[in-house]
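Engineer: whatever this is, show me its structure:
(3 chains)
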Amino acid sequence: MPELPEVEIVKQSLSKNIKFKKIKKVTVRNRNLRIKVSSNFETCLENKNIVKITRFSKYIIIHLSNKSFCIVHLGMSGTIHLIKNNQKKKLTNLSFYHSLTLPKKHNHIEIKFENCIIIYNDPRRFGFFELIKNQEELNKRFSKFGPEPFSNLFSLSYIRKYFKNKKKDIKSFLLDQKFVSGIGNIYASEILFLCQINPQKKAHRLNKEECRKIIYYSKLVLNKAIKFGGSTIKDFKNISGNSGLFQNEFKVYQRENLKCLKYRCPGKINKKNILNRSTFFCNICQK
DNA sequence: AAGAGGCCCTGATAGC
DNA sequence: TGCTATCAGGGCCTCT
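Structural biologist: As a prediction, the model looks like this:
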């Protein structure tokens, strides 16, 4: 599911609803996520306050009152649902939240607060919850990640230096979190379309102007997606159950065989597998 | 070091 | 209806 914009939306709604609240009770139904949920997970969270919630790349970072952290990655299919107590009260039977629109299966983790519960649901179990002891460990955890597109570190000189002698295609680099953090498969295609760069172009062949465009359009696309509440392809929702709208703005993603949307371009959108991920582009205006 | 490929897992959909 | 194959928004690991 989630790339940087979707994770940002989840972070914002979590922040709105559970910041400053105390964790009352944690229930883990299935520990076998991508990384096994540690055996002390519940006790490390229970009775701690949420100090704040931040995000780096596609990771949600929950800051706990004892200076430790819990980082959450949603993988491909992870979603977080918020159930408010008053919603529960409205139900006439006692089947709790399951009678709401919430998926019944794959609710792996529940975190209860005074007035609400958040539920982590993840059919494919590619996501994970990981405890981090302190700030130093947190820094270490993300030390091998490249900068976010919004960062000043994602600069022309950084990119040009990085791409020197790199013979892999540019699409693969946009997906490579060591190069830049937070871009996933959808937004990589969208960014390259706006740059008018063919996704199969070798990184070391990009000129200065093209590198500038990558910086500019990476920021633009991600910011716009956040404004639109993220993209809902299959089932992405913010934690209150609302869909994003950015999928309506896609220029190439899932537009195979449709007309290129660039003004006066006679091209059609092609679909091709790059690194086993479907990639969409116009083979006329993207060079 | 860099790049290609496999793999973790379930579910939706397409084709027979 | 029911089988099988393919594909999904991610990222880690291994091999060359």
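Engineer: tell me how many other residues crowd residue A:266.
Structural biologist: By other C-beta atoms under 10 Å, the residues close to residue A:266 number 10. C-beta: built from backbone N, CA, C; applies to glycine.
Engineer: with the one 3 residues further on instead?
Structural biologist: Residue A:269 is surrounded by 22 other residues when neighbours are defined as other C-beta under 10 Å.
Engineer: for the residue lying closest to it once chain neighbours are set aside, give me phi and psi.
Structural biologist: What sits nearest to residue A:269 in space, not counting adjacent residues and going by C-beta to C-beta, 6 or more residues apart in numbering, is residue A:255, at 4.5 Å. Here is the backbone geometry of residue A:255 (degrees, to the nearest 10): phi -120, psi 30.
Engineer: can you check residue A:258 too?
Structural biologist: phi -90, psi 160.
Engineer: please give me every residue in contact with the nearest residue to residue A:254 once chain neighbours are set aside.
Structural biologist: Residue nearest to residue A:254 in three dimensions, not counting chain neighbours: residue A:280, with 7.0 Å by C-beta to C-beta, 6+ apart. Residues counted as contacts of residue A:280 (C-beta atoms under 8 Å, 6 or more residues apart in numbering) are A:189, A:193, A:252-256, A:269-271.
Engineer: how about stretch A:151-169, does it reach DNA strand C?
Structural biologist: No. Under the criterion of C-beta under 7 Å from any atom of the strand, DNA strand C is not reached by stretch A:151-169; the shortest gap measures 12.7 Å.
Engineer: residue A:130 is in contact with residue A:70, isn't it?
Structural biologist: Yes. Using C-beta atoms under 8 Å, residue A:130 is in contact with residue A:70, at 7.1 Å.
Engineer: of these two, give the one with the bigger neighbour count.
Structural biologist: For residue A:130 versus residue A:70, the count of surrounding residues by other C-beta under 10 Å is larger for residue A:70: 21 against 18.
Engineer: test of understanding: give the bridge partners of the more buried one.
Structural biologist: Beta-bridge pairing for residue A:70 (DSSP bridges): residue A:62, residue A:131.
Engineer: what sits against it?
Structural biologist: For residue A:70, the contacting residues are A:44-45, A:61-62, A:64, A:129-132, by C-beta under 8 Å, 6+ apart.
Engineer: gap between it and DNA strand B?
Structural biologist: Using C-beta to the nearest atom of the strand, to the nearest Å, we find residue A:70 at a distance of 21 Å from DNA strand B.
Engineer: likewise residue A:34?
Structural biologist: Shown here: residue A:34 relative to DNA strand B, a distance of 6 Å by C-beta to the nearest atom of the strand.
Engineer: residues from the stretch 51-200 of chain A in reach of DNA strand C?
Structural biologist: A:57-58, A:73, A:75-76, A:124, A:126, A:175, A:177, A:184-186.
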